[in-house]
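Asks: Prediction below, plus the sequence it came from.
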Amino acid sequence: MARYTRFGVYLVLVFALLLAGGNLARAQRPTNGEGITSSTTSLLPFGEQYIQQASYPEDVGSYISLTMNPLSQLPYVSYYDSYNQDLVYAHLMPHGGGNCGTDNNWYCDSIDTGGNVGTATSIDIWSDNIDTYRVGISYHDVTNRSLKYISWTCTGPTCTIKNDVTIDDPATIYVSMGNATSMKFAANGNPVIAYYRSNLLADDALMLAEYVGSSGNCGEGGAAGKWDCTVIDAGEGVGRYVSLDIPAEGMPVIAYYDAGNGDLKYAQYWGIVDPDCYGDNGYFCQALDTSGDVGLFPSVTAQRQIDDQPFRIAYFDNTNHRLKYYDPDFGTVWVDNMGISINPMGISMDVGANGYPYIAYQQITGEFAPARLMIARPALADMGSGIGNCGEAPPGYLFQYWQCDVVDNAGQYLNEAYYVSMEVYPFNRPQIAYSEFFDYDIGDHATSEKFSTQLPLSTFLPICKK
């Protein structure tokens with residue numbers, strides 16, 4: 001009799017949890033508005049394919065950034081080809097006919113080959129919601145230590161490159177601009193770029209470049225005066241890792257790592273604020289997590305709808321080797337163990353149409369274990385039960401909140417997701433671009449570019465089996 005009593009209490013608790021929802025992610029939106037319930041997504045397998053597969057001695061898949069074209073609903077990716085030292089751009093060709101990747105399903109193009117260029121890429125797409133869209137990519141010019149930007153506008157199938165410009169060029173050999181970048185288009189179609197300025201002789205800085213058309217204070221050559229560059233925050237290692245997002249209405253939100261203090265910080269323009277982040281720039285800055293060495297590899301999402309969180313941040317806790325998550329309601333919670341690596345560890349977060357955060361990340365389970373690609377999301381988002389399998393229970397929850405699953409389990413001599421970029425679009429299905437590093441020994445290695453998503457097997461996406 002006692003066994004059945006305990007089971008009944010358990011069901012009551014589960015039911016109460018489901019009703020309670022919570023502020024960490026909005027549970028009151030069970031569908032994505034397109035007739036597909038959120039619980040159906042979890043039943044779909046992850047299919048993976050190569051965007052560009054490399055063999056020794058090629059390394060073509062680092063510094064990855066992914067965005068979705070809102071008109072075609074297809075993924076677009078920028079990344080660095082370190083073998084040729086080029087910036088590469090790729091997009092999916094759903095019916096074949098491309099020049100790279102699995103079954104030539106992708107079209108790849110080296111779009112800047114002038115010197116060593118293309119690290120720290122960040123891509124975004126703006127559209128008029130009719131038939132015109134603009135693609136923009138911010139990136140670092142290693143040869144000249146400068147911040148660069150390239151963009152083109154497409155109407156239907158016709159695209160024209162309009163800009164390939166240097167935005168911020170250092171005055172001395174001791175300064176480098178854009179070692180980390182994060183770019184988004186504002187609602188009016190103008191690009192905004194958060195980036196890192198490193199300085200061997202003075203303070204490093206978190207910077208923001210905005211396209212203003214005229215009367216700006218930066219830009220080189222034909223772009224002179226068309227950009228405005230602002231110091232947001234400064235100090236040792238401030239902005240070494242940076243992520244920017246722009247809400248539907250409002251000013252950019254920036255998450256960044258303060259390496260000098262080992263803190264996670266965020267910044268946003270408030271106008272009249274005391275004290276300002278730096279000088280009288282009108283930006284409010286705050287350390288959100290100071291518990292050890294935290295805030296590496298941040299990924300921020302800004303408010304999408306009026307009842308959404310003002311911002312959310314996923315990031316790495318280097319002290320405890322954990323994936324952590326922050327939102328203003330619950331503060332910091334840890335999500336999963338990530339392990340230790342001497343390389344960058346990929347983290348990328350987005351919010352689905354169901355209002356829940358999805359986090360793609362790298363995990364290394366042991367000293368000799370391969371690095372694998374994982375995904376975490378609230379159990380309420382896709383599983384339906386409300387009971388997760390990882391992380392800590394946030395305030396107000398009785399059970400584990402997060403559901404962590406393997407996307408790509410790597411394999412012998414393979415390591416996944418040192419670099420990763422994700423968007424959840426459409427139908428609450430994660431679209432993930434990530435690196436795959438093959439390392440047999442020092443003299444036999446290669447880095448490839450991969451793509452994975454949850455889609456029915458009958459769709460255009462071919463599944464690669466290891």
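Replies: On my side now, so go ahead.

Asks: Would you point out which residue is most central in the protein?
Replies: The centroid of the chain falls nearest to Ser348 when counting by Cα atoms, centre = their mean (3.6 Å).

Asks: residue boundaries of the strands in the stretch 351-466 of the chain?
Replies: Per DSSP state E, counting those that start in this stretch, the stretch 351-466 of the chain carries strands over the ranges 357-364, 371-378, 402-408, 414-424, 430-441, 444-454.

Asks: Figure out which of those is closest to Asn217.
Replies: Closest approach to Asn217 among the strands of the stretch 351-466 of the chain (Cβ to Cβ): strand 414-424, 30.4 Å. Just so you know, the C-beta spots here come from the backbone N, C-alpha and C atoms, and that holds for glycine as well.

Asks: Show me what stretch 201-210 is in contact with.
Replies: 147, 167-168, 172, 174, 177, 186, 190-199, 216, 218, 227-240, 242, 252, 254, 256, 259, 267, 278 (Cβ atoms under 8 Å, 6 or more residues apart in numbering).

Asks: My error: substitute stretch 402-413 in the last question.
Replies: Counting by Cβ under 8 Å, 6+ apart, 42, 46, 48, 335-336, 360, 370-379, 381-383, 388-391, 416-417, 432, 434, 436, 438-440, 450, 452, 466 sit against stretch 402-413.

Asks: Just the buried residues of stretch 395-405, please?
Replies: Residues of stretch 395-405 classed as buried: 397, 400-404 (neighbour count, 16 or more other Cβ atoms under 10 Å).

Asks: Apologies, that question was intended for stretch 119-139.
Replies: Across stretch 119-139, burial judged by 16+ other Cβ under 10 Å covers 119-127, 133-139.

Asks: how long is it end to end?
Replies: Length of stretch 119-139, first residue to last, Cα to Cα, to the nearest Å: 6 Å.

Asks: Same question for stretch 285-298.
Replies: From its first residue to its last, stretch 285-298 covers 15 Å (Cα to Cα).

Asks: Run the chain-centre distance for it.
Replies: Chain-centre distance of stretch 285-298: 17 Å, with Cα atoms, centre = their mean, to the nearest Å.

Asks: Give me the below-cutoff pLDDT ranges for the protein.
Replies: Across the chain, residues meeting the criterion (pLDDT under 70) sit at 1-43, 383-385, 442-443, 455-466.

Asks: Tell me where it has helices.
Replies: In the chain, the helices defined using DSSP state H lie at 2-20, 379-382.

Asks: what packs against the shortest one?
Replies: Using 3 or more Cβ pairs under 8 Å, 6 or more residues apart in numbering; DSSP states H and E as the contact test, the elements touching helix 379-382 are strand 402-408.

Asks: Give me the distance from the strand it packs on to the chain's centre.
Replies: Chain-centre distance of strand 402-408: 17 Å, with Cα atoms, centre = their mean.

Asks: what angle separates it from strand 357-364?
Replies: Put simply, strand 402-408 runs at 60 degrees to strand 357-364, going by axes from the mean of the first three to the mean of the last three Cα atoms, to 10 degrees.

Asks: Strand 402-408 to strand 444-454, inter-axis angle?
Replies: Using the same axes, to 10 degrees, the direction of strand 402-408 lies 130 degrees away from that of strand 444-454.

Asks: got the CA positions of strand 402-408 in PDB?
Replies: Listed next in PDB are the C-alpha coordinates belonging to strand 402-408 (Å, rounded to 0.1, in the frame of the first residue of the first chain):
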ATOM      1  CA  TRP A 402      17.600  20.500 -18.100                       C
ATOM      2  CA  GLN A 403      17.600  17.600 -20.600                       C
ATOM      3  CA  CYS A 404      21.100  17.000 -22.100                       C
ATOM      4  CA  ASP A 405      21.500  14.700 -25.100                       C
ATOM      5  CA  VAL A 406      24.300  13.700 -27.400                       C
ATOM      6  CA  VAL A 407      24.100  15.100 -31.000                       C
ATOM      7  CA  ASP A 408      27.400  13.800 -32.400                       C
END
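
Asks: That one relative to strand 430-441, how many degrees between them?
Replies: 50 degrees.

Asks: What angle do strand 414-424 and strand 402-408 make with each other?
Replies: With the same axes, to 10 degrees applied, the angle from strand 402-408 to strand 414-424 works out at 120 degrees.

Asks: Could you export the strands of the stretch 351-466 of the chain as a markdown table, including distance to Ile272?
Replies: What follows is these, written out as a markdown table (distance: least, Cβ to Cβ, whole Å):
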| stretch | distance to Ile272 |
| --- | --- |
| strand 357-364 | 31 |
| strand 371-378 | 37 |
| strand 402-408 | 38 |
| strand 414-424 | 35 |
| strand 430-441 | 40 |
| strand 444-454 | 44 |
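
Asks: Nearest to Gln53, out of those?
Replies: With respect to Gln53, and counting by Cβ to Cβ, the nearest of the strands of the stretch 351-466 of the chain is strand 444-454 at 4.7 Å.

Asks: Can you point out the buried residues in the closest one?
Replies: By 16+ other Cβ under 10 Å, the buried positions in strand 444-454 come out as 445-454.

Asks: Quick check: beta-bridge partners of Val135?
Replies: Judged by DSSP bridges, the bridge partners of Val135 are Ile125, Trp152.

Asks: Quick one: residues contacting it.
Replies: 76, 89, 123-125, 151-154, 159.

Asks: Of those, keep whichever come out buried.
Replies: Buried members of the contacts of Val135, counted by 16+ other Cβ under 10 Å: 76, 89, 123-125, 151-154.

Asks: ok, the residues you listed vs Ser341, which is closest?
Replies: The shortest approach to Ser341 among the buried ones among the contacts of Val135 belongs to Ile123, at 24.5 Å (Cβ to Cβ).

Asks: The closest one: what's it in contact with?
Replies: Applying Cβ under 8 Å, 6+ apart to Ile123 gives the contacts 65-67, 76-78, 89, 135-137, 183.

Asks: Now tabulate the residues you listed in a markdown table and tack on distance to Ala302.
Replies: As requested, the contacts of Ile123 are exported to a markdown table (distance: Cβ to Cβ, whole Å):
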| residue | distance to Ala302 |
| --- | --- |
| Ser65 | 17 |
| Leu66 | 18 |
| Thr67 | 15 |
| Tyr76 | 20 |
| Val77 | 22 |
| Ser78 | 21 |
| Tyr89 | 25 |
| Val135 | 21 |
| Gly136 | 18 |
| Ile137 | 20 |
| Met183 | 14 |
